[in-house]
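A.B. asks: Just the structure for this:
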Amino acid sequence: MSKPGKKYLAAAAKVNRDTLYLPKEAIELVKETSFTKFDATVEVHLRMGLDPRQADQQVRDVVVLPNGLGKTVRVAVFAQGEGAIAARNAGADVVVDDDETFNRIQGGWLEFDVAIATPEMMGKVGRLGRILGPRGLMPNPKAGTVVPAGDIERAIREAKAGRVEFRLDKTANIHVQIGKVSFPAEKLHENFAALMEAIKKARPAAAKGNYIKRITVTSTMGPGIKVDPNAAQSMSVAG
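C.D. replies: Prediction:
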């Protein structure tokens, strides 16, 4: 492993590794310790008190961040007939209603960030599992990306506005982006609060004991900042 650079060490020196920061303090520190020349992404990492091997302890849901993610989201829609028309009218970047576009994706063309499908298209979309699955692009009802034709407009609007999927991984962690370092601190705090509310609502009935063990916020390449889990779970979008 290469040694941390001077910029990282200088940023890390501003963070007390033994302190559990309040959410607002952590957000301010994330902004202060970001040292990349590009507009870094702010990420939240949660260590959960769940057993990912147990089917009744899974967490998978979506949250619409009130202030978006600060990036353009390209949406592909798998639909035919009325669904395809609705998708084009709603501003979908790619509408897959023909074999040519389907075959391009099958060949590895993936110039989109979110894939939405109508239920009747899922049999066909399933054939793209090995292409879409590893990249987290496979439409899924739990993620709100398999919708009837009448809901396509709303699904596209939410995806472009900043709808983010979160899920428990195999190591009992959840990783979610909540915006850019250039966002005002209050907008990052609102996004963070919306995420925490969604994660609390998604708590499985089988979860026992301490649901959220640790929370860390960080920016791309920046140092991790520990957040007080109790304070984070008390956050609200309104305040």
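
A.B. asks: Buried residues of the longest helix anywhere in the chain, list them for me.
C.D. replies: In terms of residue count, the longest helix belonging to the chain (DSSP state H) is helix 185-201. Residues of helix 185-201 classed as buried by neighbour count (16 or more other Cβ atoms under 10 Å): Lys187, Leu188, His189, Glu190, Asn191, Phe192, Ala193, Ala194, Leu195, Met196, Ala198, Ile199. C-betas here are computed from N, CA, C, even on glycine.

A.B. asks: can you list those in JSON lines and add pLDDT?
C.D. replies: Shown next, in JSON lines, are those (pLDDT from 0 to 100):
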{"residue": "Lys187", "pLDDT": "96"}
{"residue": "Leu188", "pLDDT": "97"}
{"residue": "His189", "pLDDT": "96"}
{"residue": "Glu190", "pLDDT": "96"}
{"residue": "Asn191", "pLDDT": "96"}
{"residue": "Phe192", "pLDDT": "97"}
{"residue": "Ala193", "pLDDT": "96"}
{"residue": "Ala194", "pLDDT": "95"}
{"residue": "Leu195", "pLDDT": "96"}
{"residue": "Met196", "pLDDT": "96"}
{"residue": "Ala198", "pLDDT": "94"}
{"residue": "Ile199", "pLDDT": "95"}
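
A.B. asks: related to what we said a few turns ago, what is the subsequent helix or strand relative to the longest helix of the chain?
C.D. replies: If you walk from helix 185-201 toward the C-terminus, the next helix or strand you reach (DSSP states H and E) is strand 212-219.

A.B. asks: Can you pull out the residues in contact with that next one?
C.D. replies: Strand 212-219 has contacts (Cβ atoms under 8 Å, 6 or more residues apart in numbering) with 26-27, 30-31, 33-34, 36, 40-49, 181, 192, 199, 224-229, 232-233.

A.B. asks: List only buried entries from these.
C.D. replies: Among the contacts of strand 212-219, those classed as buried by 16+ other Cβ under 10 Å are 26-27, 30-31, 33-34, 40-44, 46-48, 181, 192, 199, 224-229, 232.

A.B. asks: Okay, and which of those map to strands?
C.D. replies: Applying DSSP state E to the buried ones among the contacts of strand 212-219, the entries found in strands are Thr41, Val42, Glu43, Val44, Leu46, Arg47, Met48, Ile225, Lys226, Val227.

A.B. asks: List the contacts of Arg53.
C.D. replies: Per Cβ under 8 Å, 6+ apart, neighbours of Arg53: none.

A.B. asks: related to what we said a few turns ago, which of the ones in strands among the buried ones among the contacts of strand 212-219 sits closest to Lys142?
C.D. replies: Proximity of these to Lys142 (Cβ to Cβ) peaks at Met48, which lies at 17.0 Å.
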